[in-house]
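> Any chance you could fold what I've pasted below:
(chains A and B)
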Amino acid sequence: MAYLEFKNVNKIYDMGETKIKALTNTSFQIEKEELVVILGPSGAGKTTTLNILGGIDSLTSGSVIVDGKEIEKLNKTELIKYRRNDIGFVFQFYNLIGNLTALENVELAVQLCPNHLNPSETLEHVGLKNRQDNFPAQLSGGEQQRVAIARAIAKNPKLLLCDEPTGALDYKTGKQILKLLENTARKDKMTVVIITHNQAIAQMADKVIKFKNGSVEDIIINKKPMSIDEIEW
Amino acid sequence: MKNKLLLNIIRKTKKNYKRFISLLFLSFLGVGFYAGIGAAGPAILNTVDNFYDKSNTYDIEIVSNLGLTDNDIKGIKKSDLINGVYGVKYTDEFIDLNKESLVAKIIEYNDKINTPTLLDGNLPKSKNEIVVEEKLLTENYLKIGDFIKIKEKSYKIVGTVVSPLYFSLTRESTTLGDGKISYYIYVYKDTLAQDYYNSIYVTINDNDLKTSSKEYKDLVEDAKDEIKKIQNIREEERYQELYKDYFDYAKLYNLSIDESTLTRPKWYIFDRTNISAYNEIIDASTNMNKISNIFPLVFFIIAILVSLISMLRMVEEDRSENGTLKALGFSNNSICMNYFLYSILATVIGGVLGFIFCVFFFPNIIWSIYKTLFNIPEFIISFDLLSGLLGLIASIICICGTAIFVAYKNLKDAPAILMRPKAPKKAKRLLLEHIPFIWRKIKFSNKIVIRNIFRYKSRVLATIIGIAGCTALILSGFGLKDSMQDIAEYQFNKIFKYNEMINIKEDNQELISKIKSIDNVNHLVEGNISTITLKNNSIKKEATMIVPENQNKLKNVISLIDTKTKEEIQLKNNEIVISEKLAKLLEIEKDDEIIISNSNDVQQKIKVSNIVENYIDLYVYINKETYNNIFKNYNTNVLFLTFDKKDNKKIDKFNKEILSNKEITNIIITDDIINSVLDMMDSLNSVVIILIIAAAILAFVVLYNLSNINICERQREIATLKVLGFYDKEVDDYITKENIILTALGIPIGLILGYYLTQFMISTCEQDTLMYTKGIKLLSYIISSLITIIFTIIINIINHHNLKKIDMIESLKNVE
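Numbering: from 1, shown residues only, chains lettered A, B, ... in the order given. Next up is the predicted model:
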């Protein structure tokens, strides 16, 4: 059985008068330590998929199994525990707590998990050794995203989920961030899922899952994924 | 185009109806309370003004030591100022009621001047019919149609009335009996035998001026001056009239006359302030006005402050939306108009509703309390639209003004800047963080709370002020209650220890020893009681003077406790002991000298040896030697007793036994007084409870509002915490701890403020005859704090639900 299994998942948003089908019979699998890119135009169901994976959204039918855990069957508290221990989230807009320094933002997350990494070392790892005591407002976009990644990986999660992590960044900075995520997958042996609408990035992934109109259109396995350094777009 | 904007704001109102309602409610409370409490004072004044107009109450009263005649009436000519001149006859008499013999004021009924208002039954139509005050019937188990005896003659009670001269519980003093008039009675005209008038009453052309207004007082003074012009002439003429026969006789026989032996007529000219009930109600109205200056103002400020923060938040929330609107080509004005409409709608609806409701509610509630003290049949609510409008305008200016101000300030930037998220507020390191040995010891989650507190300074400050203000209001409510509540207990447990006070006609040793011998009587202390006048420069006050027959025995029934040393003191020869409130009113201190005089105009300068604790009424004490030196001929007219056992059956039996004795004029049972004082306190308590409830409601709205703003402000942050895997409780803590800290800071400040607020309110609204204790009980501090704490807990519970509702996905989707 795969490390992560997304099986016949349907997601319908009930908006009262109208029902919006976000996901229809979506299925895919992710193996441990894989670097996965989910590709597709906006409205294809990428984010919904990621949210369900991350335990911040529920599914209407189907099942999601992560490391043997059936996510759809978890109750509210178990779901929080799942988010807490198993998931690291990176957002397009960083979502740092403005009132906490870079280091404290990481500490905020790790205080929750028992198996966490050292916050200070993690920040050093993402290249922010000298910016630890700065507040988000004093950091550039790329630096803020690094803090966000550090915050996610310091929890030592089973799954690192990134929703358009470079969406708000320029090319060069975006590339640095992707490099960081690549290293996290390859060197730190973490399972990483990245959402993007940038086709070029797909080449760095072990597996590319293409979404269209709320379901999986294609799954491509890259036998030889390229390093982000070699990719230009 | 504007219509769509309007639609947008209506939708916004619907979506965030809680904010709209809380704005509306704040305006309701602020304006309503301000106008409502503010209307109570003027309503009381209007009530007495209306009552006095309807009962043709005099404006000027003239009395003379030798009576007044028709010639005097003719002498006071009608003029532009003077409208009517009337002579009235009255007298003080003993009346026989059941076993009691009390003094009543007997007045000839007159439908032109000081006309009593008929409450029940009919007016007297013949010389053997009378109307009485209601109290006389209820206190003596009489009814209309019953007969009572005045000077051995029987009169039929045909109705009950309220006199404009005696509509409160206070009665003037008399030389008869124990010196107190118990009731007033109106008899048919020409019933009284005397051939002179006791008073001439003058009404002035006051052009509907409100009584006690400055214009009214000025007019009265002018009229008085006019009367004074003829005073000497009339006094001389009256002198000649009175002694005409005497002078004629002397002339006839050519005898010389020693005129110094003849009493010369002397006029005394008074105005309405000579009526104690009138003074009391004017005081009540003034006091109400004083309370309404401070209490609702605090209320109003808090309400405005919180609404202001609310509006500020709303405009900031809409920042990017407004940027978009601006980019679409809307003018700043039309965008601002929305906030103006939104805020003015909430403020005006809330304010107008608050005004309408409270302007009836508060005066009526407050009158229902004063009604037990003032017997005025008709209550007139005054519509002081001005004060309501003032509150409304103030809140419109503050709330709508801020809305517009903030909106314009926010819209100043270019649309592109507005549409981008606002640069996060720069967080700063706190001073505390530079003290590592403290900062390191603080738990991480607490560090965040502390930083948050310093980040949102304006909201935090508003919350602390709000909590402190409300706690202060609640405490001052309880404080007022405490200060009034204990005075009965203090007076009758600590000061007056006697169980009964018996007024007897004259030194009657036989009676005294008989009472002494009755079973169950423990202490019996003889004394003399009378009313005297005390004067310090221009200040004049009346007080009850108690003279013990044996001053060493006095402590068995009355404790004289010095206010400073708290020790029991002794009466000294040729010195006087006066009660605390009286000293305050006379503005004198220990060792000062004052002038005392009795009803026979014996005057004496005397040194104040001590000031003693006393809470109800005004008392002075001198010993028997001093009395004999000044007023001569001490005689016992009162007995103070204590019982061995407080057995009601035994006491009842005792009362019946001694009341049959004709020598006893009155019995005052301490328990009865305690009960009547407690009744009065109960009614005052209900005013206070209204204040407490109002303050509590405000506290709740304030806390709710501020904490709602707090959550809205940090929705995104909270969503992030949820994604990170914070448990509900941990998310709650993030907000709750802050609330708890702010409450913990606000409460002590509120308690301190409340203490001073209480002192201030007491010092402004205390009546002359009461001495509030000024002590706020520990329990009140605790309860006030608890109420605020309970609100914080309730708000935290509500927060918990609101926090639960925050949708992670929605909040994280895009930047606000």
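> residues near the closest residue to chain A within the stretch 201-350 of chain B, how many?
Closest contact between the stretch 201-350 of chain B and chain A, by CB to the nearest CB, is at B:S320 (12.9 Å). Where C-beta positions appear, they are placed from N, C-alpha and C, glycine not excepted. For B:S320, the neighbour count with other CB atoms under 10 Å in any protein chain shown is 17.
> State the distance from it to B:F357.
39 Å (CB to CB, to the nearest Å).
> And for B:I204?
Distance from B:I204 to B:F357, by CB to CB: 39 Å.
> repeat for A:I71
54 Å.
> Which of B:I204 and B:F357 has more residues huddled nearby?
Neighbours were counted for B:I204 and for B:F357 using other CB under 10 Å; B:I204 has more, 23 against 14.
> For the more buried one, name its beta-bridge partners.
Applying DSSP bridges to B:I204 gives these bridge partners: B:I82.
> What residues does it make contact with?
Listed by CB atoms under 8 Å, 6 or more residues apart in numbering or on different chains, the contact partners of B:I204 are B:59-60, B:81-83, B:219-220, B:223.
> what residues does the host helix or strand of A:F89 touch?
Taking DSSP states H and E as the criterion, A:F89 maps to strand A:87-90. With contact meaning CB under 8 Å, 6+ apart, strand A:87-90 is reached by A:53-56, A:145, A:148-149, A:151-153, A:155, A:157-163, A:165, A:181, B:723-725.
> what's the average pLDDT for that strand?
For strand A:87-90, mean pLDDT rounds to 90.
> do stretch B:283-294 as well
Averaged across stretch B:283-294, the pLDDT comes to 75.
> Export only the CA atoms of that stretch, formatted as CSV.
In CSV, the C-alpha atoms belonging to stretch B:283-294 read as follows (Å, rounded to 0.1, in the frame of the first residue of the first chain):
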residue,chain,number,x,y,z
ASP,B,283,-32.7,69.5,47.1
ALA,B,284,-33.7,66.2,45.7
SER,B,285,-34.0,67.7,42.3
THR,B,286,-30.6,69.4,42.5
ASN,B,287,-29.0,66.2,43.8
MET,B,288,-30.5,64.3,40.9
ASN,B,289,-29.0,66.8,38.6
LYS,B,290,-25.7,66.4,40.3
ILE,B,291,-25.7,62.7,39.9
SER,B,292,-26.8,63.1,36.3
ASN,B,293,-23.8,65.2,35.7
ILE,B,294,-21.3,62.6,36.6
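> Measure how far that stretch is from the centre of its chain, please.
Relative to its chain's centre, stretch B:283-294 lies at 7 Å (CA atoms, centre = their mean, to the nearest Å).
> contact partners of it?
By CB under 8 Å, 6+ apart, the list of residues contacting stretch B:283-294 from outside reads B:34, B:37-38, B:40-42, B:44-45, B:48, B:366, B:370, B:373-374, B:757, B:760-761, B:764-765, B:767-768.
> Restricted to buried residues, select the contacts of strand A:87-90 in ChimeraX.
Applying 16 or more other CB atoms under 10 Å in any protein chain shown to these, the buried members can be selected in ChimeraX as follows:
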select /A:53,54,55,56,145,148,149,151,152,153,155,157,158,159,160,161,162,163,165,181 /B:723,724,725
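> The contacts of strand A:87-90 in helices, which ones?
Among those, the members falling in helices (DSSP state H) are A:53, A:145, A:148-149, A:151-153, A:181, B:723-724.
> Determine which two of those are furthest apart.
Using CB to CB, the ones in helices among the contacts of strand A:87-90 reach their maximum pairwise distance at A:L53 and A:Q145, which is 20.0 Å.
> ok, the spatially most central residue of chain A to A:L181 distance?
Central residue of chain A (CA atoms, centre = their mean): A:L161, 1.2 Å from the mean position. Distance of A:L161 to A:L181, computed by CB to CB: 11 Å.
> got the residues of chain A near chain B?
Proximity of chain A to chain B, by CB under 8 Å from any CB of the partner chain, involves residues A:51, A:54, A:56-57, A:77, A:80-85, A:87, A:89, A:91, A:93, A:95-101, A:104, A:107-109, A:111-113, A:135-138, A:151, A:155.
> Quick one: the helices in chain A, in order.
Counting by DSSP H, the helices of chain A are A:46-53, A:76-86, A:102-110, A:119-125, A:141-153, A:171-186.
> which stretch among those helices comes nearest B:S483?
Between those, helix A:102-110 lies closest to B:S483; by CB to CB that is 50.8 Å.
> what angle do the closest one and helix A:76-86 make?
130 degrees (axes from the mean of the first three to the mean of the last three CA atoms, to 10 degrees).
> Just the CA trace of helix A:102-110, in PDB.
Output of helix A:102-110 as PDB, limited to C-alpha atoms (Å, rounded to 0.1, in the frame of the first residue of the first chain):
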ATOM      1  CA  ALA A 102      11.300  34.800  12.700                       C
ATOM      2  CA  LEU A 103      12.600  32.500  15.500                       C
ATOM      3  CA  GLU A 104       9.500  32.900  17.600                       C
ATOM      4  CA  ASN A 105       7.300  32.000  14.600                       C
ATOM      5  CA  VAL A 106       9.200  28.800  14.300                       C
ATOM      6  CA  GLU A 107       9.000  28.200  18.100                       C
ATOM      7  CA  LEU A 108       5.300  28.800  18.000                       C
ATOM      8  CA  ALA A 109       4.900  25.800  15.700                       C
ATOM      9  CA  VAL A 110       7.400  23.500  17.400                       C
END
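> residues in contact with the residue lying closest to A:N213 once chain neighbours are set aside?
Closest residue to A:N213 apart from its sequence neighbours, by CB to CB, 6 or more residues apart in numbering or on different chains: A:A44 at 6.4 Å. Contact analysis of A:A44 by CB under 8 Å, 6+ apart lists A:211-214.
> List the residues that contact B:D617.
B:D617 neighbours (CB under 8 Å, 6+ apart): B:543-544, B:579, B:769.
> how near is the residue in the stretch 1-150 of chain B positioned nearest to chain A to B:I399?
Residue nearest to chain A within the stretch 1-150 of chain B: B:K15 (14.5 Å; CB to the nearest CB). From B:K15 across to B:I399, the span is 20 Å (CB to CB).
> for chain A, which spans come out with low pLDDT?
Under the criterion pLDDT under 70, no range of chain A is flagged.
> Relative to chain B, which residue of it is the closest?
Taking CB to the nearest CB, chain A has A:R84 as its residue nearest chain B, at 2.7 Å.
> Excluding chain neighbours, what is closest to that residue?
Take A:R84 and drop its neighbours on the chain: the residue closest to it by CB to CB, 6+ apart is B:G725, 2.7 Å away.
> Would you confirm that the one you found contacts A:T77?
No - applying CB atoms under 8 Å, one finds B:G725 not in contact with A:T77, separated by 10.9 Å.
> Pull the number of nearby residues for residue 58.
As the question left the chain open, I've gone with chain A. The burial count for A:S58: 12, using other CB under 10 Å.
> Please refer instead to chain B.
27.
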